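In: The sequence isn't on hand, but the structure is:
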């Protein structure tokens with residue numbers, strides 16, 4: 001019985017301990033941040049917008065350039081704050097990790113008009129830095145202001161100071177090291193502390209920008225965009241946020257193809273920027289870049305496009321089938337009215353030309369007989385038996401009848417005996433004329 005009591009008491013203690021452990025994150029759920037925004041000249045920047053990645057809330061700096069807000073924190077994930085100009089809420093001008101160091105911090109942001117004013121004034125500022133390579137200081141490095149002739153050298157601890165301005169770059173050169181180029185704004189982000197500058201040895205650790213063979217995603221860029229679309233859910237997020245565009249992300253492809261140092265070069269929206277960056281971080285290894293056949297480190301930039309899905313075109317109702325007016329299906333007037341004219345079908349057309357078959361050509365009664373016997377012989381000779389035995393004269397058209405009426409010619413009633421009588425009557429006078437002679 002006592003053992004059961006001890007076991008029960010132990011279970012109660014475990015439950016109490018678990019409850020306290022689970023409640024501790026809830027007590028620290030909210031964390032306060034005080035971020036002061038100044039330009040590199042030390043003037044407060046009013047109206048700068050801050051958005052926390054993954055949240056829609058906006059915080060705006062006041063007259064002192066202060067943004068005071070509370071934000072939920074997670075021990076397993078550090079959120080990022082993005083800053084925007086009020087005139088362009090789609091382009092990120094600066095990012096800040098919301099860790100313990102950012103609870104009370106100062107950041108420097110110059111507006112375009114500030115930079116123009118600083119450059120025009122020609123004002124110079126003293127900047128401080130320290131050069132290191134692999135955690136070790138880099139001595140005797142040359143630091144110069146391009147175009148001015150100003151120069152200095154780092155000491156044994158790698159530290160240096162130099163007067164710089166907004167119009168000229170700061171160049172750093174060291175033996176067996178890659179050259180570095182910085183602007184004055186990089187030093188003025190934290191003017192109270194020297195800027196730590198990491199130098200890179202030539203060759204092995206050099207990060208190339210252009211090489212003989214650039215790095216490539218396995219399967220090509222088409223496979224890369226398919227991966228991004230699937231992993232970052234670009235279409236769904238674009239539709240939810242009602243924003244379209246591309247987030248430009250830059251990273252380094254190492255010699256083994258792994259991806260390091262991803263960063264947002266040009267942002268679009270806090271939620272879209274976070275989704276794009278998360279997809280790049282867990283991206284599969286690339287095919288590394290090569291220079292003279294040797295794998296090298298290479299810096300590469302890719303766009304992560306966010307585009308809303310195209311609306312499906314409305315389905316139009318199918319129109320009723322129209323009966324085409326085909327000459328075969330639908331009766332219509334034939335093309336040639338003369339070929340199938342009803343008038344021509346009722347009234348028969350003459351089979352031949354009336355002038356060719358006219359009786360005026362073959363009728364000998366129309367010819368006036370002459371006194372000469374030669375003419376009488378010619379008129380008698382063409383007579384044939386078929387013409388003499390015609391029962392009825394041919395019907396004549398109205399023109400022929402008109403001329404016959406005009407000349408007083410009348411139709412004769414032909415009988416079978418008439419041709420013989422005409423021949424005898426015509427021959428007798430000829431014999432009488434010969435006897436008289």
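Out: Nice, I can see it. Since we're looking at a predicted model, the values are computed, not measured.
In: I'd like the distance between residue 107 and residue 135.
Out: Here residue 107 is placed at a distance of 26 Å from residue 135 (C-beta to C-beta, to the nearest Å). Using the backbone N, CA and C atoms, a C-beta is placed for each residue, glycine as well.
In: of these two, who's got more company?
Out: Higher neighbour count among residue 107 and residue 135: residue 107, with 19 against 6, using other C-beta atoms under 10 Å.
In: Give the residue spans of the protein that score low on pLDDT.
Out: Flagging of the chain using pLDDT under 70 yields the residue ranges 1-11, 13-29, 75-76, 203-204, 312, 315-316, 318, 320-396, 411-437.
In: Just give me the longest strand of it.
Out: strand 294-306 (DSSP state E).
In: Report how many residues lie close to residue 44.
Out: Neighbours around residue 44, by other C-beta under 10 Å: 15.
In: if we look at the sheet, which residues does it bridge to?
Out: Listed by DSSP bridges, the beta-bridge partners for residue 44 are residue 38.
In: so how far is residue 35 from it?
Out: 12 Å.
In: do the same with residue 115
Out: Going from residue 115 to residue 35 by C-beta to C-beta gives 21 Å.
In: and what of residue 205?
Out: Distance, residue 205 to residue 35, by C-beta to C-beta: 34 Å.
In: Tell me the residues that contact both of residue 44 and residue 35, please.
Out: Common contacts of residue 44 and residue 35 (C-beta atoms under 8 Å, 6 or more residues apart in numbering): residue 66.
In: which strands and helices sit next to the longest strand of the chain?
Out: Where contact means 3 or more C-beta pairs under 8 Å, 6 or more residues apart in numbering; DSSP states H and E, strand 294-306 is packed against strand 207-208, helix 221-231, helix 234-241, strand 245-253, helix 270-281, strand 289-291.
In: Indicate which one of these is closest to residue 63.
Out: With C-beta to C-beta as the measure, helix 270-281 is the member of these nearest residue 63 (24.9 Å).
In: Buried residues in the closest one, which are they?
Out: For helix 270-281, burial by neighbour count (16 or more other C-beta atoms under 10 Å) applies to 270, 271, 272, 273, 274, 275, 276, 277, 279, 280.
In: who touches that helix?
Out: With contact meaning C-beta under 8 Å, 6+ apart, helix 270-281 is reached by 51-56, 80, 82, 92, 227-228, 231-234, 237-238, 241, 243, 245, 247, 249, 251, 259, 262, 264, 267, 302, 304, 306.
In: Are any of these buried, and if so which?
Out: Here, 16+ other C-beta under 10 Å leaves 51-53, 80, 82, 92, 227-228, 231-232, 234, 237-238, 241, 243, 245, 247, 249, 251, 259, 262, 264, 267, 302, 304, 306 buried among the contacts of helix 270-281.
In: For this structure, just list every one of the helices.
Out: 2-27, 112-121, 184-188, 221-231, 234-241, 270-281, 342-346, 359-362, 373-380, 385-388, 398-407, 418-436 (DSSP state H).
In: The fifth one vs strand 245-253, what angle?
Out: Interaxial angle of helix 234-241 relative to strand 245-253 (axes from the mean of the first three to the mean of the last three C-alpha atoms, to 10 degrees): 140 degrees.
In: Could you list every helix and strand in contact with helix 234-241?
Out: Using 3+ C-beta pairs under 8 Å, 6+ apart: helix 234-241 touches helix 270-281, strand 294-306.
In: Can you report how many residues lie near residue 141?
Out: By other C-beta under 10 Å, 23 other residues sit near residue 141.
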